[in-house]
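Enquirer: Fold the following, please.
(chains A, B and C)
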Amino acid sequence: MTVEPLPAGMGREMHALVERLYPIARSITGDGLRETLAILGEGLPLEVRDVPSGTKVFDWEVPREWNIRGASITRVGGERVVDFSRSNLHVVGYSVPVRARMSLEELRPHLHSLPEHPDWIPYRTSYYRETWGFCVTHRTLEALEPGLYDVEIDASLGPGSMSYGELLIPGEEEGEVLVSTHACHPSLCNDNLSGVAVAAFLAGHLLDRRPRLSYRFLFLPGTIGAIAWLALNEAGAARIRHGLVLSCLGDPGAFTYKKSRRGDAAVDRAAALVLSRSGKEFRVGEFSPYGYDERQYCSPGFDLPVGSLTRTPWGEFEEYHTSADDLAFVTPRALEESLGVCAAIVEVLEGDLRYVNTSPKCEPRLGSRGLWKGGGGEGGPGEENLALLWVLNLSDGRHSVLDMAERSGIPFHTLAQAVQELKEAGLLEPGG
Amino acid sequence: MTVEPLPAGMGREMHALVERLYPIARSITGDGLRETLAILGEGLPLEVRDVPSGTKVFDWEVPREWNIRGASITRVGGERVVDFSRSNLHVVGYSVPVRARMSLEELRPHLHSLPEHPDWIPYRTSYYRETWGFCVTHRTLEALEPGLYDVEIDASLGPGSMSYGELLIPGEEEGEVLVSTHACHPSLCNDNLSGVAVAAFLAGHLLDRRPRLSYRFLFLPGTIGAIAWLALNEAGAARIRHGLVLSCLGDPGAFTYKKSRRGDAAVDRAAALVLSRSGKEFRVGEFSPYGYDERQYCSPGFDLPVGSLTRTPWGEFEEYHTSADDLAFVTPRALEESLGVCAAIVEVLEGDLRYVNTSPKCEPRLGSRGLWKGGGGEGGPGEENLALLWVLNLSDGRHSVLDMAERSGIPFHTLAQAVQELKEAGLLEPGG
Amino acid sequence: MTVEPLPAGMGREMHALVERLYPIARSITGDGLRETLAILGEGLPLEVRDVPSGTKVFDWEVPREWNIRGASITRVGGERVVDFSRSNLHVVGYSVPVRARMSLEELRPHLHSLPEHPDWIPYRTSYYRETWGFCVTHRTLEALEPGLYDVEIDASLGPGSMSYGELLIPGEEEGEVLVSTHACHPSLCNDNLSGVAVAAFLAGHLLDRRPRLSYRFLFLPGTIGAIAWLALNEAGAARIRHGLVLSCLGDPGAFTYKKSRRGDAAVDRAAALVLSRSGKEFRVGEFSPYGYDERQYCSPGFDLPVGSLTRTPWGEFEEYHTSADDLAFVTPRALEESLGVCAAIVEVLEGDLRYVNTSPKCEPRLGSRGLWKGGGGEGGPGEENLALLWVLNLSDGRHSVLDMAERSGIPFHTLAQAVQELKEAGLLEPGG
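Expert: Predicted coordinates for the structure are as follows:
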């Protein structure tokens, strides 16, 4: 497979998908997550799986299913001061149902705000400790007058299931590439509708082709979803050769690749190569056992070669986990660049093979085979000719095309073309 | 064992020990050295060993014993211009006895001074070439008038023995840590009463505890003492897992760690870690086969993992080997910091074990076990929680706690506490 | 063998050789190349070998022999505007014979010039594509008036042979050092009469000695010569332990060493060591499969440890492959420095052995053996004494003298002298 350039305009299409998914009240279980997967399934042959509440998954247990229909705080005899229908961030995720009249004093400990950003609503959850709460702007909080309030959270928390979406694009050879993204956050765009959109469009890009490797896309609830998938697919995890956790890919910040626990996996090197040649600002950081679902994939019992790609990482942008992570914060251009980087990493993984030079003693004649571009030696040889020489020189069965790209400084794509030409000329065979 | 923080005020106590030892006329043999070891033995269960003169130790031989009672230069018919009782640096170490009247012209070749520091007395020895001499201030030298002088060195050089002090603090497991310091210099404080004091107090600090490893402290004459100990304990040397040569630890200069010949021994990494996290200025330098007794421990026939810790290294401070290396040059504060660094290195060596995560597939639930500090995920996780995650992630039997500290940037102490908590929770077992 | 310092004045002698070879019309075959080898053979026992045209050498074939007697362009009824007798660069190398009258329009595509350097004649060849052409200054080109021209190239291209020169200086032990230089360029001084001269004088320098290793000097036509030698000496190539391709060694630019494909061969380390201690500006670059004949020696089927030494590399000086690469561009001083660097690399290769310390436990006594230079320990030990300590410390059969030089920072020469002294004292034996 050769990965062709991406069609133009994909940035706008990805942003449109983010817009469509934005209003849905997602959580780690429940109907909002199902609706999200259904929308993704419109364009992709996604399989949606449901894991029943209570299922043991390693040290954890799939939680009860949570659904919410509405929530509000109303001044008795006065106006409705908080309404879930205006923002699904208003309710602390996994809040237990409430219907009560209480004083402001009693209500106050259940209200969360961001004093440093008085117009933003924070995002809070409490999956594993039963409680209830509201997230409000600090301006709202400060305007509340003493008195009685009617508080209602019309939610249910009970046996059900946890859903996730899975899509396998089969390849020609053994070995899988895992692309995993969390899809459990409500109206938050960069974290992580951006990751969902980039993963979905990357899948679409690959679906039309016949890749060499298989690609498994997972749209999961964070943490518990990855844990459940690993627990239910323990044997399958061994097929994973490379992996990427995608999130926070829609903001305009610099790219950040966080290496896998192994630190020198092919995907780590591929991502570093692509970013270093991208002409864009970027950072490549070491693994740490905190972050997104790479925590689970890189736990010592799995130690999968899975890295994490973001633009600005979680917690390093002010809008993180607030209502300001909205549709304006993510841009078509940023999404399109992110998809381009992912596609370029895929191109490297697809083409990273080893070859054997069939004419390894001295250089073979390239001119007489019509492979040498340009004249008889005046000026420099040009990058395409150098690519031929590098591929021939390092094709001893011990160097892969990624090795050649790192060592030569020549773009991977140019080397991959040289490989193709040399194979056609009979000067190169797969091997090593 | 957990190494507790050092009690305050130890700097002053160490300085007091330096003050007490300062006046004694030490050499590589003789009563001054014995008196020094006896004083150290007051507070420590030190074993003093005597090796007879003439004992063959590898390529060397234990020298004759040297003792000195007094020495002077007196202008005939005039005043006493040099008197050993005023400074024991006045006599070249191992000078043969002299009692003679001679002209200034004859005397002159036996006088040593420092023209660039006219008020300082240099320190000179001649262990292996029979001679005699006096070290004087340049001002004294220049004031000498032509004429006759009575010269007397009341010393003895003959069969006897060479003493050294040894203290073993037994540990719970196999393997020893060597702490070696030279104790043969007369009235010189930084080189090396500072090293003697820090070693003695480190021993005292460990004596009250039950360390995991055994600790062997040696107070030796430089060079010949270390050679003798190695020759007489050749089999025992194989038990040494880590070692430090201590000297020049009382001046206010930056810390300097010189690596063992191996360059990547655990003690090398432990010292670099401790210094890099100490908030103090420091250098870590490569091994060289010159310096203190690490020369012998790191000779190719032993190649022990022994590094050297100083503040300003020998020869790099002006006061080195002169009367200006006196009680004012070493400070309680510098000594206390040095002891702190040594104790922190010990803490790393004690805690540098490998563990196995008993729940290695995905993260175990920390919140439900009461191990997670703080709330449900807002803000960063905090260093203590990160320590738990790092220990769990790297506890695959192949990474030690030192590896974790280097890789995570988290203080060793915090990681050691996380290890303890995880062991108690049954999530960690020794192994690897 | 100890490589003695080079006699003074060699720079002028090398420049005189360049001057003598400069006028000869060389190519990859033919009488000019033979005349060049004959001149080199006056001072060296060079063996000249001839490989018949058509001989198959790996993927290539030895070309037909080309000889040229004269060439000119004459305005009909006017003056001779280009004459080969004024510069042998005027004719494109391997031009087929021509005798024709043609219009300027017809002639024009056969003329090559350098618009950016209107007074320089470019150097062009067309070995493997039959054509003819003239290289002229741009000023000449622009002055040509429309009209008819008589064009003549009095050359022959037919069966014959390709010559090269080979010289083996046998050593005491197994293993060869290859010194290879291309000798096929006509009147171009830096590329590569400078390399020819330095190689010839290095050979002369070694001829008077009995080196430890054997040295094989090759004066070859570029590319096809190296390919032919490797094809005809495939088994012999396995004896090559170290190698240098020499070229562009007469300009005043900084030294440039390009590593072998292996990247960490002894010759790579030796060259880097010599240059880093030379006090001269230099670069050490990574291997690339383009350049001079290291391309062939480092092809994957051979992968010989052969690096390339130049001053300013090909293509990085403006005069490259033009008539400005003339006798004024190369200087005696630059040639002499280059020879000195080559001789120093040879000294490292000759002395890079491993030894075993016969007294490996603690330091042996150096003073009693008369090996320690200077007094009893005051001041620093001095570089010669440190060299003794380093050699003793690292002589465990696993470290070579090159390792010692890299690690200690002490000049190789000083270490080699220490080795000699310690061997004589019985403290060192070959081994490892």
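
Enquirer: only C-alpha atoms for contact and neighbour calcs from this point on.
Expert: Fine.

Enquirer: all helices for the stretch 101-250 of chain A, in order.
Expert: Taking DSSP state H, counting those that start in this stretch, the helices of the stretch 101-250 of chain A run over residues A:104-107, A:138-143, A:195-207, A:224-232, A:234-237.

Enquirer: Make a markdown table out of those and add distance to chain B and mean neighbour count.
Expert: As requested, the helices of the stretch 101-250 of chain A are arranged in a markdown table below (distance: least, CA to the nearest CA, whole Å; neighbours: other CA atoms under 10 Å in any protein chain shown):
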| stretch | distance to chain B | mean neighbour count |
| --- | --- | --- |
| helix A:104-107 | 20 | 14 |
| helix A:138-143 | 17 | 15 |
| helix A:195-207 | 20 | 23 |
| helix A:224-232 | 6 | 22 |
| helix A:234-237 | 9 | 13 |
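
Enquirer: Figure out which of these is closest to residue A:353.
Expert: helix A:195-207 (19.1 Å; CA to CA).

Enquirer: How far off centre is the closest one?
Expert: Chain-centre distance of helix A:195-207: 10 Å, with CA atoms, centre = their mean, to the nearest Å.

Enquirer: what sits against residue A:245?
Expert: By CA atoms under 8 Å, 6 or more residues apart in numbering or on different chains, the contact list for residue A:245 reads A:179-181, A:292-294, A:306-309.

Enquirer: Would you mind checking which of those residues is nearest to chain C?
Expert: Chain C lies nearest to residue A:307 out of the contacts of residue A:245, by CA to the nearest CA, at 29.6 Å.

Enquirer: what would the contacts of residue A:245 look like in TSV with neighbour count, pLDDT and distance to residue B:169?
Expert: Output for the contacts of residue A:245, formatted as TSV (neighbours: other CA atoms under 10 Å in any protein chain shown; pLDDT from 0 to 100; distance: CA to CA, whole Å):
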residue	neighbour count	pLDDT	distance to residue B:169
A:179	24	98	55
A:180	28	98	54
A:181	32	98	55
A:292	19	97	47
A:293	28	98	47
A:294	31	98	46
A:306	33	98	47
A:307	29	98	47
A:308	28	98	49
A:309	24	98	52
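
Enquirer: ok so, going back, kindly reformat the helices of the stretch 101-250 of chain A as JSON lines containing distance to residue B:55 and mean pLDDT.
Expert: Formatted as JSON lines, those follow (distance: least, CA to CA, whole Å; pLDDT from 0 to 100):
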{"stretch": "helix A:104-107", "distance to residue B:55": "88", "mean pLDDT": "97"}
{"stretch": "helix A:138-143", "distance to residue B:55": "85", "mean pLDDT": "97"}
{"stretch": "helix A:195-207", "distance to residue B:55": "77", "mean pLDDT": "97"}
{"stretch": "helix A:224-232", "distance to residue B:55": "69", "mean pLDDT": "98"}
{"stretch": "helix A:234-237", "distance to residue B:55": "67", "mean pLDDT": "94"}
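
Enquirer: Model confidence score at residue A:1, please.
Expert: pLDDT, residue A:1: 44.

Enquirer: Show me the contact partners of the helix or strand bottoming out on mean pLDDT in chain A.
Expert: Lowest on mean pLDDT, DSSP states H and E among the helices and strands of chain A sits helix A:234-237, with a mean of 94. Residues outside helix A:234-237 that contact it (CA under 8 Å, 6+ apart): A:230, A:302, A:304.

Enquirer: Quick check: end-to-end length of stretch A:84-97?
Expert: Stretch A:84-97 stretches 13 Å from its first residue to its last (CA to CA, to the nearest Å).

Enquirer: same question but for stretch A:391-407, I mixed them up
Expert: Using CA to CA, one end of stretch A:391-407 lies 11 Å from the other.

Enquirer: does chain B sit close to stretch A:75-91?
Expert: No - Stretch A:75-91 lies out of reach of chain B by CA under 8 Å from any CA of the partner chain, never closer than 14.5 Å.

Enquirer: how far does that stretch sit from the chain's center?
Expert: That offset, for stretch A:75-91, works out to 33 Å (CA atoms, centre = their mean).

Enquirer: Out of the contacts of residue A:245, list just those in strands.
Expert: A:179-181, A:306-309 (DSSP state E).

Enquirer: still on that earlier bit, centre of the chain to the least confident helix or strand of chain A, how far?
Expert: 20 Å.

Enquirer: cool, and stretch A:240-247?
Expert: On the basis of CA atoms, centre = their mean, stretch A:240-247 sits 8 Å off its chain's mean C-alpha point.

Enquirer: So what's the model's average confidence on that stretch?
Expert: 98.

Enquirer: hang on, isn't residue A:118 packed against residue A:137?
Expert: Yes - the pair residue A:118 / residue A:137 is scored as a contact, 5.6 Å apart, by CA atoms under 8 Å.

Enquirer: hang on, the earlier thing: with respect to chain B, which of the ones in strands among the contacts of residue A:245 is nearest?
Expert: Nearest to chain B, judged by CA to the nearest CA, of those is residue A:306 at 13.4 Å.

Enquirer: List the buried residues of stretch A:44-64.
Expert: A:44-46, A:48, A:51-54, A:57-58, A:60, A:62-64 (16 or more other CA atoms under 10 Å in any protein chain shown).

Enquirer: would a markdown table of these with pLDDT and distance to chain C be doable?
Expert: Formatted as a markdown table, the buried residues of stretch A:44-64 follow (pLDDT from 0 to 100; distance: CA to the nearest CA, whole Å):
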| residue | pLDDT | distance to chain C |
| --- | --- | --- |
| A:44 | 97 | 45 |
| A:45 | 98 | 46 |
| A:46 | 98 | 47 |
| A:48 | 98 | 51 |
| A:51 | 98 | 54 |
| A:52 | 98 | 57 |
| A:53 | 98 | 58 |
| A:54 | 98 | 58 |
| A:57 | 98 | 49 |
| A:58 | 98 | 47 |
| A:60 | 98 | 50 |
| A:62 | 98 | 54 |
| A:63 | 97 | 56 |
| A:64 | 98 | 60 |
